[in-house]
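# the following comprises the amino acid sequence and a computationally predicted model.
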Amino acid sequence: MRVLIVDDHESFRRLAGRLLIAAGFAVVGEAADAASAVREAASLTPDVVLLDVMLPDRSGVDVARELRTAVVNPPRVVLTSSRSRSDFGAGFSWPEGCDFIPKHLLSATSLGALLVEP
Amino acid sequence: MTVAFPRWVVVAGAALVAGWLALDALRQAQLGVDDAGLWFVVFAGWIAAGAVVAVSRWPERRRMALLILWWLACAVADDVGVAWPGSRIAATIFLLALAVQPGAFAHMSLAYPSGYVRDRLDRWFLVIAYGLGLLWELPPALFADPRACSGCSPHAPSLLFTGHTFDLLPVGRVFWTGFIALGLAFIALLARKLRHSAPGALRTVFPLALVSGFAAVQFILLRIAWLTDWNQSLSVLDWIGRLSLLTVPASMAIGVATIRRDRGAVGDLVVELGAAKPGDVRDALARSVGDPSLELALWIPAEQRYVNERGVTVTAQADVSGRAVTIIGTPDQPLAALIHDVSLVGQRPLLEAAGSAARIALENARLHAELQAQLVALRASRARIVAAGDAERRRLERDLHDGAQQRLLALGLALQLLEDNRGDPGLLAEAQRELQAALHELRQLARGIHPAILTDHGLSAAIGSLADRSSVPVRAEISDARYPPAVESAAYFVVAEALANVTKHAQAQSASVMVTQNNGHLVVEVSDDGRGGADPADGSGLQGLRDRVGALDGRLSINTSATDGTTVHAEIPCAS
């Protein structure tokens, strides 16, 4: 599984990358903001994008929608956040076809379990 | 400034004019020159009555009375030529009177009832009216010799007569056309005056405006008749003219009567104000002077500003055209200002009478408004304090989320990795760095919320710590005394915010903090030698400090200049 990690915190990108590599994922790239995330996703065509909900330049939710509309092989998008799902409230519109893992529950096992599902 | 002018001069002038008219009419009737002698007698009686009414019942209107007399004088001066038919002086006065008559009539009509022509358009019109009149009579004065005409009166040329004569009819036609345009413009100005009048003033203005309109129509028709040689209509038009002039004094008497009646309304106002609640004084005043748009501005001496009855600051200036201001009280010690329709200027005595009648109610309204103004300020500061609290919580949430929480999440990931890669020293060191960083950020945050050093060791130690951390050298003078927690807290945040501004904006070389106790107040002063420019209205920081200090009944002032830097001065009452 080829993974692109998008997060504005450098230490999170680095450690999450190492965690996924140790579990057998191929981390093909990193991006610190929405603009470079879209660019990297287009050039690297990863299978999975691990995407922070709050990015400095745009909302990660917008980026997720954009990535999912890619014509050829849209990647699976897993949104992450330091907040839990309930913090976003019932009215929050999650992008369709995307998963969510709060950062404090992120591990190779939890990500793997999510990606096994079709 | 009002011109002190003895009333008897005006009365005597009116009597003189009226007497002259009556004598002249009788003489003309005897001579059979004019078949309308009787009309002139009636006319003279009316004019005398009108002028006397205007002066005796209307003593504040001396200027208006003088304008009326000016017009009457112009209207009768042409009889000088009839009285001394052979005199060249009389002939000159006759021509001059004819020249000035249209202007004088328009002047009186447009200035009514105040006696002043304030509108710029009206002033220009009068300049043109007087100017055109004088130009019109210039050719006859220079080139006409009535001695050649048997029935003419006066029967002498003017003093300016050159000795040459020629046919003046073509020149006359040009001027008649000009006068027709002038008449139409006058009617338009009258309509404009009526439209812009407040209902209360309209009652006074309308009768004379109506009569003036009729006179203008007659004036125009007469010139059309001259242009078209339609002489049959001349006698009819003369009659219409006399009729309309006859009604001038009557219309003024009616106008005066409405002012008398409005004075009665002031009497009603006194009764009404007795029952009025504070806040209703404006409405009662507006009703009694007949101007629904009237605004009431109450003077707050302590704050040197005007407020309305709800305590909101207002400017008592007639900055919008069409508005005027009447001050109640003296200019040095105003009680209130009435901002009203400019057409009520002619009724200033009425406004002043209403203001005087309302004096006690105004005093009450002022106290009420003062209270309201304090309430408005209090509400605004309360809203700002709540908003500042909300902003502070949002900032805390963001700081926690972006700072310590991210560090701890990274720490969690590092620990997960450590579980799988036991013995990786790089990972352990990274985990430790993240933990230290998280602790540091939490300490910073806690200090921002409330510095523990302030609670534990007091203002002197806390400000010392602020001074140590500042990137600009700070000299601090503070005693070790302790004060109530709220006072210490406010003083601390004044210093913290002021020093933060020094670092961020002032480009200062050094700063000093002085905290002293004076007269039951803790006095905090933070000054720097920077470039100045601090503005409480600019960011919320200084305004927030002002609210914080104000909540303890303290005062905060800021002096800032490009040469002397910025000084923030706070005085906080401290019961110790």
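Yep, that arrived.
# could you use CA atoms for every contact and neighbour count after this?
Fine.
# contact residues of chain A facing chain B?
A:9, A:11, A:12, A:15, A:16, A:18, A:19, A:82, A:103, A:104, A:106, A:107 (C-alpha under 8 Å from any C-alpha of the partner chain).
# need the max-distance pair from the residues you listed.
A:18 and A:82 (18.7 Å; C-alpha to C-alpha).
# once you drop chain neighbours, what's closest to the closest residue to chain B within chain A?
At 5.4 Å from chain B, residue A:12 is the closest residue in chain A, using C-alpha to the nearest C-alpha. With C-alpha to C-alpha, 6 or more residues apart in numbering or on different chains as the criterion, residue A:12 has its nearest non-adjacent residue at 5.4 Å, and that residue is residue B:410.
# surely residue B:553 is in contact with residue B:573?
Yes. Counting by C-alpha atoms under 8 Å, residue B:553 does reach residue B:573; the two are 6.8 Å apart.
# the two: which has the busier surroundings?
The residue with more neighbours, out of residue B:553 and residue B:573, is residue B:573; 19 against 12, by other C-alpha atoms under 10 Å in any protein chain shown.
# need the contact list for the more buried one.
Listed by C-alpha atoms under 8 Å, 6 or more residues apart in numbering or on different chains, the contact set of residue B:573 reads B:487, B:520, B:521, B:522, B:552, B:553, B:554.
# where does the fifth one land in three-state SS?
Which is residue B:552. coil (DSSP: H, G, I helix; E, B strand; the rest coil).
# for it, give its distance to residue B:332.
Distance, residue B:552 to residue B:332, by C-alpha to C-alpha, to the nearest Å: 34 Å.
# in terms of neighbours, single out the busier of the two.
Higher neighbour count among residue B:552 and residue B:332: residue B:552, with 15 against 6, using other C-alpha under 10 Å.
# list the buried ones in stretch B:160-167?
Within stretch B:160-167, the residues scored as buried using 16 or more other C-alpha atoms under 10 Å in any protein chain shown are B:160, B:161.
# now it: mean pLDDT?
Taken as a whole, stretch B:160-167 has an average pLDDT of 83.
# from start to finish, how long is it in a straight line?
17 Å.
# run through who's touching that stretch.
Outside stretch B:160-167, the residues that reach it (C-alpha under 8 Å, 6+ apart) are B:92, B:141, B:142, B:143, B:144, B:145.
# the third one - nearest residue in space that isn't next to it in sequence?
Nearest-residue entry for residue B:142: residue B:161, 4.3 Å, with adjacent residues in sequence omitted and distances by C-alpha to C-alpha, 6+ apart.
# ramachandran angles for residue A:26?
phi -100, psi 110 (degrees, to the nearest 10).
# please apply the same query to residue B:570.
phi -130, psi 140.
# pLDDT score assigned to the spatially most central residue of chain A?
Centroid-nearest residue in chain A: residue A:50, 1.7 Å away (criterion: C-alpha atoms, centre = their mean). Listed pLDDT for residue A:50 reads 94.
# same question for the one 3 residues further on.
On the pLDDT scale, residue A:53 is placed at 91.
# how about it, phi and psi?
Dihedral angles for residue A:53 - degrees, to the nearest 10 - are phi -70, psi -40.
# residue B:572 too?
The phi/psi pair for residue B:572 (degrees, to the nearest 10) is phi -120, psi 120.
# counting neighbours, what do you get for it?
25.
# specify the beta-bridge partners of it.
residue B:522 (DSSP bridges).
# ok, now which ones touch it?
Residue B:572 neighbours (C-alpha under 8 Å, 6+ apart): B:487, B:491, B:521, B:522, B:523, B:549, B:552, B:553, B:554, B:555.
# try residue B:437
Here residue B:437 is in contact with B:404, B:407 (C-alpha under 8 Å, 6+ apart).
# what helix or strand is it located in?
Using DSSP states H and E, residue B:437 falls within helix B:425-449.
# residues of that helix that come out buried?
B:427, B:428, B:430, B:431, B:434, B:435, B:437, B:438, B:439, B:441, B:442, B:445.
# and the second one, how far from chain A?
When C-alpha to the nearest C-alpha, to the nearest Å is applied, the distance between residue B:428 and chain A equals 12 Å.
# is that residue in contact with residue B:416, as I believe?
No. Between residue B:428 and residue B:416 there is no contact under C-alpha under 8 Å: 11.1 Å.
# identify the residues contacting stretch B:301-309?
B:278-279, B:282, B:295-300, B:313-316, B:336, B:365-366, B:368-370, B:372-373.
# equivalent analysis for stretch B:415-424, please.
Here stretch B:415-424 has contacts from A:18, A:19, A:107, B:427, B:428, B:431, using C-alpha under 8 Å, 6+ apart.
# between the two ends of it, how far is it?
11 Å.
# that one: which residues count as buried?
B:415, B:416, B:417, B:418.
# quick one: distance of that stretch to the chain centre.
Relative to its parent chain, stretch B:415-424 has a centroid offset of 79 Å by C-alpha atoms, centre = their mean, to the nearest Å.
# contact partners for whichever residue of the stretch 301-450 of chain B sits closest to chain A?
Closest residue of the stretch 301-450 of chain B to chain A, C-alpha to the nearest C-alpha: residue B:410 (5.4 Å). By C-alpha under 8 Å, 6+ apart, residue B:410 lies in contact with A:11, A:12, A:15, B:431, B:434.
# quick one: the longest helix along chain A to helix B:425-449, angle?
Counting residues, the longest helix found in chain A (DSSP state H) is helix A:10-22. If you take axes from the mean of the first three to the mean of the last three C-alpha atoms, to 10 degrees, helix A:10-22 sits at 150 degrees to helix B:425-449.
# quick one: helix A:10-22 to chain centroid distance?
Centre to centre, stretch against its chain (C-alpha atoms, centre = their mean), the figure for helix A:10-22 is 13 Å.
# tell me how many other residues crowd residue B:148.
Neighbours of residue B:148 using other C-alpha under 10 Å come to 11.
# same check, this time on residue B:174
12.
# what do you get for the one 3 residues further on?
By the other C-alpha under 10 Å criterion, the neighbourhood of residue B:177 contains 15 residues.
# and what of residue A:80?
If we define neighbours as other C-alpha under 10 Å, then residue A:80 has 24 of them.
# which SS state does it fall under?
strand.
# what's the closest non-adjacent residue to it?
residue A:52 (4.7 Å).
# what of residue B:534?
residue B:560 (6.2 Å).
# would that neighbour count as being in a helix?
No. Using three-state DSSP, the assignment for residue B:560 is strand, not a helix.
# contact partners for the closest residue to residue A:58 other than its chain neighbours?
Nearest non-adjacent residue to residue A:58, counting by C-alpha to C-alpha, 6+ apart: residue A:34, 5.9 Å away. With contact taken as C-alpha under 8 Å, 6+ apart, residue A:34 is in contact with A:6, A:55, A:56, A:57, A:58, A:59, A:60, A:63.
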